[in-house]
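In: Sequence isn't available, so here's the structure alone:
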């Protein structure tokens, strides 16, 4: 039996690094069985760029609350002669637009506004009330992954009333102007939310609001705090 074992051992192929002899328990594992080292963590800038990518939206919804600083007009002299100084109004604006090719937003807006003035506490209150609606075209710009700008013209119709103690004539006039909005991204998961502000300027020239009045303008410089939803 010993001779047979020696002959079998002599006829076996010599051990190699890839095939350890049978029974060897202290043979080192092959080099290719060693676990690969973990990849280095991404740099901070690379990680930020992976989580903050530019988003091409298909629609944008906008809601703004702010103030409109009224345009001066010839009728202001009549109001000031009676002690009224109406120079601003509170405003609410809602808008929605579809985005074409990620760069042009076509949509519509609607807004309401109201301002009051009174020379004394006993005097009747002068009120201006407006309802605005129209279309808008905006160029969508993204200077960074977290910033979106909207820039473009607006064209619509405005119905306004200038009244004292409810006595006033409603006027419907053409409104035109433009806006610039800057919005900053506050969420990553779609739909994406933005916060920012919108600056607009519109003209809405009208006939005298009363028999003894002069030409008037319902236009204003609009400054709104704005929330935007992009999908």
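Out: All right, it came through fine. The shown structure was predicted, so the numbers you read here are calculated from the model rather than taken from an experiment.

In: in the chain, which spans are helices?
Out: 2-11, 44-51, 75-81 (DSSP state H).

In: pLDDT value on residue 163, please?
Out: We have a pLDDT of 88 for residue 163.

In: can you count the residues close to the nearest residue to it once chain neighbours are set aside?
Out: Leaving out its chain neighbours, the residue that sits closest to residue 163 by C-beta to C-beta, 6 or more residues apart in numbering is residue 127, at 5.4 Å. C-beta: built from backbone N, CA, C; applies to glycine. Burial of residue 127 is recorded as 19 neighbouring residues (other C-beta atoms under 10 Å).

In: Okay, and the beta partners of residue 127?
Out: For residue 127, the beta-bridge assignment (DSSP bridges) gives partners residue 116, residue 163.

In: Pull the contacting residues for it.
Out: 114-116, 161-164, 168 (C-beta atoms under 8 Å, 6 or more residues apart in numbering).

In: Over to residue 175?
Out: So residue 175 contacts 132, 134, 154-158, 202-204, 218-219 (C-beta under 8 Å, 6+ apart).

In: same thing with residue 229?
Out: Taking C-beta under 8 Å, 6+ apart, we find residue 229 in contact with 60-62, 191-194.

In: Check it and give its pLDDT.
Out: 96.

In: about what we covered before: which pair of the contacts of residue 175 spans the longest distance?
Out: 155 and 218 (14.8 Å; C-beta to C-beta).

In: ok, and the most crowded of the contacts of residue 175?
Out: residue 218 (28 neighbours).

In: Wait, that one touches residue 209, no?
Out: No: taking contacts as C-beta atoms under 8 Å, residue 218 lies outside contact range of residue 209: 9.4 Å.

In: Would you show me how to pick out the buried ones of the contacts of residue 127 in PyMOL?
Out: Of the contacts of residue 127, the buried ones can be selected in PyMOL as follows, counting by 16 or more other C-beta atoms under 10 Å:
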select buried, resi 115+161+162+163+164+168
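
In: Looking at the contacts of residue 127, spot the one nearest residue 187.
Out: residue 114 (32.4 Å).

In: Quick check: closest non-adjacent residue to the closest one.
Out: In space, residue 114 is closest to residue 129, 5.2 Å off (C-beta to C-beta, 6+ apart).

In: can you give me the strands for the protein?
Out: 59-70, 88-100, 104-117, 126-144, 147-164, 167-185, 192-203, 205-206, 216-217, 220-230 (DSSP state E).

In: can you redo these as a markdown table with distance to residue 78?
Out: Listed next are these as a markdown table, based on distance: least, C-beta to C-beta, whole Å:
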| stretch | distance to residue 78 |
| --- | --- |
| strand 59-70 | 14 |
| strand 88-100 | 18 |
| strand 104-117 | 13 |
| strand 126-144 | 11 |
| strand 147-164 | 11 |
| strand 167-185 | 14 |
| strand 192-203 | 20 |
| strand 205-206 | 14 |
| strand 216-217 | 9 |
| strand 220-230 | 19 |
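
In: about what we covered before: shared neighbours of residue 218 and residue 209, anything?
Out: Common neighbours of residue 218 and residue 209 (C-beta under 8 Å, 6+ apart) are residue 171.

In: returning to what we had before: and the contacts of residue 229, which are buried?
Out: The neighbour count (16+ other C-beta under 10 Å) marks 60-62, 192-194 as buried among these.

In: And the furthest pair within those?
Out: Farthest-apart pair in the buried ones among the contacts of residue 229 is 62 and 192; separation 13.0 Å (C-beta to C-beta).
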